[in-house]
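In: let's see this in three dimensions:
(one chain, ligands or ions: 1)
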Amino acid sequence: MNTKTIGVLTSGGDAPGMNACIRAVTRAAIYEGWKVMGIYRGYEGLISGDIKELTTESVSNTIQRGGTVLKTARSDEFRTPEGRAKAYENIKKLGIDALIVIGGNGSFAGAQALASEHDITVIGLPGTIDNDLYGTDSTIGYDTALNTIVECVDKIRDTATSHNRIFFVEVMGRDAGFLAQNSAIAAGAEAAIIPEDNTDIDQLATFIGRGIRKSKNSSIVLVSEKDGGAMHYAERVRKEYPQYDVRVSILGHLQRGGTPTAHDRILASRLGVASIDALKEGQRNIMVGIKNDEIVYVPISRSIKMDKPIDKELINVLTILSI
Ligand code: F6P
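Out: Prediction:
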């Protein structure tokens, strides 16, 4: 494909490292002599025409910043064929040959719908703290969010131990348990409750009881936000085991902020450059990911099938280490 002008946008929930990715896409495209149009507020900006050319200078001093300088949105209008037709009009008007979408599941579903209805090449770059995209080992923002959670849980451990309390700490991840499972391992938590693995209340009580009996002085359970989250489990434990002093902490949006880790900056930079390589090779409608440290192309339709499994070994590691 003879690409001359690309559009780049961030969409859905922001994730640390998105700026590093915008920077990489912009600079790699300019390196090839292409023009880069920055689309603001995701698909909303594509529909309304909130679009400005990006230069190498416009992305200076952004690699270390959290959030997204292009802003982001979840666009209801883009979910409709009429909304996508309006977006395509702007794509044609600006002579955009390919659209690079940095985002997660919902953003890729939108990109796929656009590409199936109109003559536009889309390339997805995985940007979400949830790490729930098939075809890439890690998504941009996941490592930073994981480190943020671990820092918070370390602090919660201080107060939990001082009071001999059980804490249920709720983390994001939407339908996926990567953040909960891996932060539980990294923070030395007693258990994780994740959508991919059923935890029944008796099993949970056994973990917790084991922790208290062994004079650990505190127990911390990481809970994925799905299915009622931490409140739900805390209520059940309170009711069935009133002898325990239970507290809940919902970490919320602080998990999405902050300066990206070196891992996320490098991942974002590699993926950004690879997206331009993919266009040079004539790739269409794919997500660019990294698997086993190698760049891979995955059909965008495949990446959003929601079937990225959690390695059972990780579940086993936590079970063994929390005795
Ligand atoms: O997809 C990223 C994410 O942070 C999820 O973990 C969470 O469920 C959701 O976005 C929250 O979305 P919002 O910021 O729109 O409340």
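In: for the residue in the stretch 1-150 of the chain that the ligand sits nearest to, helix, strand, or coil?
Out: For the stretch 1-150 of the chain and the ligand, the shortest gap (CB to the nearest ligand atom) falls at residue 13, measuring 3.3 Å. Just so you know, the C-beta spots here come from the backbone N, C-alpha and C atoms, and that holds for glycine as well. Assigned state for residue 13: coil (three-state reduction, DSSP: H, G, I helix; E, B strand; the rest coil).
In: quick one, what contacts it?
Out: Applying CB atoms under 8 Å, 6 or more residues apart in numbering, one finds that residue 13 lies in contact with 72, 104, 128, 129, 256.
In: ok, 10 Å please
Out: Remark: with contacts taken as CB atoms under 10 Å, 6 or more residues apart in numbering, residue 13 is in contact with 68, 72, 74, 103-104, 106-107, 127-130, 141, 172, 174, 253, 255-256.
In: measure it to residue 108 for me?
Out: 13 Å (CB to CB, to the nearest Å).
In: what residues are shared contacts of those two?
Out: residue 128.
In: thinking again about what came up before, so how do I select the buried members of the contacts of residue 13 in PyMOL?
Out: Only the buried entries of the contacts of residue 13 go into this PyMOL selection, using 16 or more other CB atoms under 10 Å:
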select buried, resi 68+72+74+103+104+106+107+127+128+129+130+141+172+174+255+256
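In: what about the ligand: which of the contacts of residue 13 touch it?
Out: Of the entries in the contacts of residue 13, those that also sit close to the ligand under the rule CB under 6 Å from any ligand atom are 104, 128, 129, 130, 172, 174, 256.
In: helices - which of the contacts of residue 13 land there?
Out: When DSSP state H is applied, the contacts of residue 13 are split such that 106, 107 fall in helices.
In: what does the stretch 51-200 of the chain put close to the ligand?
Out: Proximity of the stretch 51-200 of the chain to the ligand is confined to 104, 128, 129, 130, 172, 173, 174 under the rule CB under 6 Å from any ligand atom.
In: can you convert those into CSV and add a column each for distance to residue 6?
Out: Putting those into CSV (distance: CB to CB, whole Å) gives the following:
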residue, distance to residue 6
104, 20
128, 21
129, 25
130, 26
172, 30
173, 31
174, 29
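In: pLDDT for these - can I get that in a markdown table?
Out: Rendered in a markdown table, the data for these read as follows (pLDDT from 0 to 100):
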| residue | pLDDT |
| --- | --- |
| 104 | 97 |
| 128 | 98 |
| 129 | 98 |
| 130 | 97 |
| 172 | 98 |
| 173 | 97 |
| 174 | 95 |
